[in-house]
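**Student:** model this:
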Amino acid sequence: MISNAMAGVLHENHKALIARGPWRFEAMVPARYESRPAEGGGTCEVPVCAGSCDICGQGICDVVRFVSAAGERIMIGLDCASTFEHNNGRAFRDAKSGLMKVKREATTRRKGEKLAIVLAPLRAEMTAWISERAGTFHADVAANAIRVMDKGRRPSTAHMALINKLRAEEAPAPRVRPVRAEESHVAAPEGKQTVRGAIVSTKSEQRQYGYGMPTYCYRMTVKVTTDAGIYLVNGTLPRALFDAAEKDLDSPEGYCEALKGCEVEFTATLTRSDDRDFFAFAERPSKARLVSFPAEKAKRSEDVDTAA
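**Tutor:** Residues are numbered from 1 along each chain as shown. Now for the predicted structure:
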């Protein structure tokens, strides 16, 4: 939206040019385009600025030239030219109509080129279907898709849904890891419990309190194995386990990573998950200790000597 001040400047510039007239429409010069690299590969054409409008001062790509009776020449943009007082109004309107047609055709062509780049992977896939599955339903669907793309259009939503359905039918079935008998799930206990099991995962969570610096909270998931099956417990990683890891474990990737696979024991109040009865949340874990850990995680003797 043009401000009142800017409108005043444009009005004064317009009046000053009219005073130097009369003006006659001389020519209309379409924008020149340059090829530039396009996102996704290939190139695209962008208009090149041809100068600034003698009325509003804005950069212009499509140039309209006028000449005065005294031989003075000016160039202005299409918007300003539409309201500029001059002779040869019909010639200007015919030239503008021709330019608009050329611009629409160029826009359609550029959109088609861009769409062709986007659809290139689909076209290659459909071409492979035709050559590898001649005479099949897949080949018919692929041929229809290519005919649509040849017209500069995307395949319809329904057409793509059919292609995706055919893709899914050919995709290999996902591998399902069989649940071993000893890993059958059992309902986790609730209330205050002594938990003993192996840490299977750890993660850090960033927390923000007020406007202070963010702090990090570390959580662990422990797998507890019983005679009836297993259940999982998730809770805050106690400070005592960090201290134990610092004392006993080799931790080049950090103490959280070092504690994975270690057997731990702690006391906490457990609350069973609403959607998975074999998963429980631990509140206020205490009396935590490191029970055992794999031999390869043990701190090397030279590390102990250095720490000493």
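
**Student:** Ranking helices and strands of the chain by mean pLDDT, which lands last?
**Tutor:** None of the helices or strands of the chain scores lower by mean pLDDT, DSSP states H and E than helix 301-307, at a mean of 47.

**Student:** what mean pLDDT does the helix or strand that contains V102 have?
**Tutor:** With elements taken from DSSP states H and E, the one containing V102 is helix 89-132. On average, the pLDDT along helix 89-132 is 85.

**Student:** Quick one: distance of that helix to the chain centre.
**Tutor:** Its chain's C-alpha centre and that of helix 89-132 lie 26 Å apart, by Cα atoms, centre = their mean, to the nearest Å.

**Student:** which SS class is V148?
**Tutor:** helix (DSSP: H, G, I helix; E, B strand; the rest coil).

**Student:** who's in contact with V102?
**Tutor:** P30 (Cβ atoms under 8 Å, 6 or more residues apart in numbering). C-beta here means a position set from N, CA and C on the backbone, and glycine is covered the same way.

**Student:** Go again with 10 Å.
**Tutor:** Contact analysis of V102 by Cβ atoms under 10 Å, 6 or more residues apart in numbering lists P30, A31, D62.

**Student:** possible to save the residues you listed as a markdown table with secondary structure, distance to A268 and neighbour count?
**Tutor:** Shown next, in a markdown table, are those (DSSP: H, G, I helix; E, B strand; the rest coil; distance: Cβ to Cβ, whole Å; neighbours: other Cβ atoms under 10 Å):
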| residue | secondary structure | distance to A268 | neighbour count |
| --- | --- | --- | --- |
| P30 | coil | 76 | 16 |
| A31 | coil | 71 | 18 |
| D62 | coil | 73 | 20 |
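
**Student:** need the residues you listed in TSV with pLDDT, can you?
**Tutor:** Below are the contacts of V102 laid out as TSV (pLDDT from 0 to 100):
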residue	pLDDT
P30	85
A31	84
D62	88
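
**Student:** just curious, which of the residues you listed is nearest to A69?
**Tutor:** Proximity of these to A69 (Cβ to Cβ) peaks at D62, which lies at 25.1 Å.
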